[in-house]
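Chemist: Quick one: sequence plus predicted model below, questions after.
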Amino acid sequence: MALLLREAIGGSLRRARTLRKRTLRDVSRAARVSLGYLSEVERGRKEPSSELLAAICEALDVSLADLLTEVVEEMTAVEFVGRTDTLVPIGQRHADLRLAPVGGRLAGARPGTPVASAA
């Protein structure tokens, strides 16, 4: 089953909170959201509104853009794990292609996108 957006957001928020050694109670007070609701968001059971997500990020001193970038990278990595159905452009062989790195950037290529090899 695919990773849901709310699960990826929750996981990223939990990682940010634990890396900063903050408690759920502390962050919930700072973000002005109930402790129970924040817990549900972190467990991927509730999908926060954009306003609530911004308040949680502010309470954690994390930019919303950085959090969403992490979410996209996590979802992209999960999507391509174990994937073997690489499409080959007409006229090229599989041996002539390699995949763009998942975590890195290669001349604007999206992670997992087939790109011509340098060899």
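Modeler: Nice, thanks for sending it over.

Chemist: just the strands in this structure please.
Modeler: Taking DSSP state E as the criterion, the chain contains strands spanning 97-99, 114-116.

Chemist: And the longest helix seen in the chain, what does it pack against?
Modeler: Of all segments of type helix in the chain, defined using DSSP state H, the longest is helix 64-80. In terms of contacts (3 or more Cβ pairs under 8 Å, 6 or more residues apart in numbering; DSSP states H and E), helix 64-80 is packed against helix 5-19, helix 50-60. To be clear about C-beta, it is placed using only N, CA and C from the backbone, and glycine gets the same treatment.

Chemist: With mean neighbour count added, can I get those in CSV?
Modeler: As requested, these are exported to CSV (neighbours: other Cβ atoms under 10 Å):
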stretch, mean neighbour count
helix 5-19, 18
helix 50-60, 17
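
Chemist: shaky segments in the chain?
Modeler: Residue ranges of the chain with pLDDT under 70: 1, 80-119.

Chemist: A59 and V27 touch, don't they?
Modeler: Yes - between A59 and V27 a contact is recorded at 5.0 Å, counting by Cβ atoms under 8 Å.

Chemist: which residues sit in contact with the residue lying closest to E70 once chain neighbours are set aside?
Modeler: Of all residues not flanking E70 in the chain, S12 sits nearest, at 4.9 Å (Cβ to Cβ, 6 or more residues apart in numbering). By Cβ atoms under 8 Å, 6 or more residues apart in numbering, the contact set of S12 is 67, 70-71, 74.

Chemist: Thank you, goodbye.
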